[in-house]
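*Asks:* Next come a sequence and a model predicted from it.
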Amino acid sequence: MGARATGEGDGGTAAVGTALLLAAAPAGRGRAMDAASVLPALAAVPPGVLTGTPAATVVELADPLDPQTVLTRLRAAATSPGPLVVCLAGQLHLDRRQELPHLALARTTPATLRYTALPWHWLAGELGTRPPGTTTVVADLAADAEVWQRLAAVPGLLHLGPGPVFYGRVTPAPRRGEPTTPDYLRAWADLWRSGARLPHATLHAEAAAGTAATTAESRFLAPEPPPAHAPAAPEDPHPAILAAAMAGRHGEAAAVAAAWEHEALRRHGPHSVEAVHWTEVRADLARLAGEPARSCELWLAAAEARLRLHQRPDDPDVEGAVDRAHHQWEQISDPGRSRALGPTLVDLRRRVPGRQPGALAALTRRLG
């Protein structure tokens, strides 16, 4: 087990966030997931990006041995007043006596599960009482056969209480062969490192879309979208928009996002962060709809708009928009659209080189 705490920030009065990175799996033959393999990717994310705060502390637990030690770290993180993000990778086993799921730790075996694994309800007990809106849990889990069956019968088996927002993927543990890998959580880390500051619901949708095909079966867990007859709350329309997109209703999702963009233009003007945000939402919806040219076009517009707002070229939001535009441009199969968008992308890459070495050179080579 290892733990680290790092911080970044301006030292001011802004809330300090906390991120707890927990990767746990039994040693030896009982290992069904190579959980710790995701920690380097998560550790490479700037702490403030993980928590969405100017200053942040990161605590890392790699293959811990003792559930009480994990509980102590978890309790300390849960008492922090600022936003808390828990990233969790591991495997679930069912305590047959209590019929409750447990997170296996390094010394866990089937015979010692009740004493060497972390009961899932301990996690719920520490996080469930935090104020709503302050806690996000992102989990990538492999479930033994009994937990997998109970998930189908009891959809709320992993519920963490009214406070935390829970996003996750659960896959059945492999019966033999190589352990599975936490690709869903790694996708979150890659998106965070790209510089794009997207809502958690969007990050979940992207990670789910990118990893759904990597296993024969997966259950993706996310907050329930509002009922169809009840419109999304005005302050957060994103869940309903993403639910429509993930259900394949891309036209509906784009129309709702466009309506919110129009409202942002009306209220805040065309040269506002609010308007740019909705351009970025529509760009991501175009990606989900399989329209890379349209997505590239919108990300280019968003990057230009942020630069006009006097955001610096090395601002993470600017870099993220250009990186997304570049990635979507590479997916365009129509040579005409690719050539038409290329010069604008090259111009932006010269002004916003980003953090990927050689991105501009690779782009110019491809354009010829």
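*Replies:* Arrived safely. No experiment lies behind these values; they were computed from the predicted model shown. Residues are numbered from 1 along each chain as shown.

*Asks:* Can you identify each of the helices in the stretch 251-368 of the chain by residue range?
*Replies:* Ranges of helices in the stretch 251-368 of the chain, per DSSP state H, counting those that start in this stretch, are 273-288, 292-308, 316-330, 335-351, 359-367.

*Asks:* which helices and strands does the second one pack with?
*Replies:* With contacts defined as 3 or more C-beta pairs under 8 Å, 6 or more residues apart in numbering; DSSP states H and E, the packing partners of helix 292-308 are helix 273-288, helix 316-330, helix 335-351. C-beta: built from backbone N, CA, C; applies to glycine.

*Asks:* Output those in JSON lines; the columns should cover mean neighbour count.
*Replies:* Below are the helices and strands packed on helix 292-308 laid out as JSON lines (neighbours: other C-beta atoms under 10 Å):
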{"stretch": "helix 273-288", "mean neighbour count": "22"}
{"stretch": "helix 316-330", "mean neighbour count": "23"}
{"stretch": "helix 335-351", "mean neighbour count": "15"}
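
*Asks:* Kindly confirm my reading that Arg19 forms part of a strand.
*Replies:* Just so we're on the same page, residue 19 is Ala rather than Arg. Yes. Under DSSP: H, G, I helix; E, B strand; the rest coil, Ala19 sits within a strand.

*Asks:* Setting aside sequence neighbours, what's the nearest residue to it?
*Replies:* Leu50 (4.2 Å; C-beta to C-beta, 6 or more residues apart in numbering).

*Asks:* where along the stretch 1-150 of the chain do the helices fall?
*Replies:* Using DSSP H, counting those that start in this stretch, helices in the stretch 1-150 of the chain cover 39-43, 47-51, 67-78, 113-116, 120-127, 145-153.

*Asks:* which neighbours does the helix or strand following the last one have in its sheet, and in what orientation?
*Replies:* Past helix 145-153, heading to the C-terminal end, the next element that is a helix or strand (DSSP states H and E) is strand 165-172. Here strand 165-172 is paired, per DSSP bridges, with strand 135-143 (parallel), strand 219-221 (antiparallel).

*Asks:* ok, and the helix or strand in the protein with the lowest average confidence?
*Replies:* Least confident helix or strand of the chain, by mean pLDDT, DSSP states H and E, is strand 7-8 with a mean of 42.

*Asks:* that older thread, now render the helices of the stretch 251-368 of the chain as JSON lines, adding distance to Ala15 and mean pLDDT.
*Replies:* JSON lines is the format used below for these (distance: least, C-beta to C-beta, whole Å; pLDDT from 0 to 100):
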{"stretch": "helix 273-288", "distance to Ala15": "20", "mean pLDDT": "89"}
{"stretch": "helix 292-308", "distance to Ala15": "24", "mean pLDDT": "91"}
{"stretch": "helix 316-330", "distance to Ala15": "19", "mean pLDDT": "89"}
{"stretch": "helix 335-351", "distance to Ala15": "33", "mean pLDDT": "88"}
{"stretch": "helix 359-367", "distance to Ala15": "34", "mean pLDDT": "77"}
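
*Asks:* Test my guess that Val138 contacts Val165.
*Replies:* No. Counting by C-beta atoms under 8 Å, Val138 sits too far from Val165 to count as a contact (9.4 Å).

*Asks:* I'd like the distance between His268 and His277.
*Replies:* Between His268 and His277 the distance is 10 Å, computed by C-beta to C-beta, to the nearest Å.

*Asks:* residues in contact with the closest residue to Glu304 other than its chain neighbours?
*Replies:* With C-beta to C-beta, 6+ apart as the criterion, Glu304 has its nearest non-adjacent residue at 7.3 Å, and that residue is Leu348. Remark: with contacts taken as C-beta atoms under 8 Å, 6 or more residues apart in numbering, Leu348 is in contact with Leu300, Ala303, Glu304, Val322, Ala325.

*Asks:* Any regions of the stretch 1-150 of the chain where pLDDT drops low?
*Replies:* Residue ranges of the stretch 1-150 of the chain with pLDDT under 70: 1-14.

*Asks:* Kind regards, and thank you for your time.
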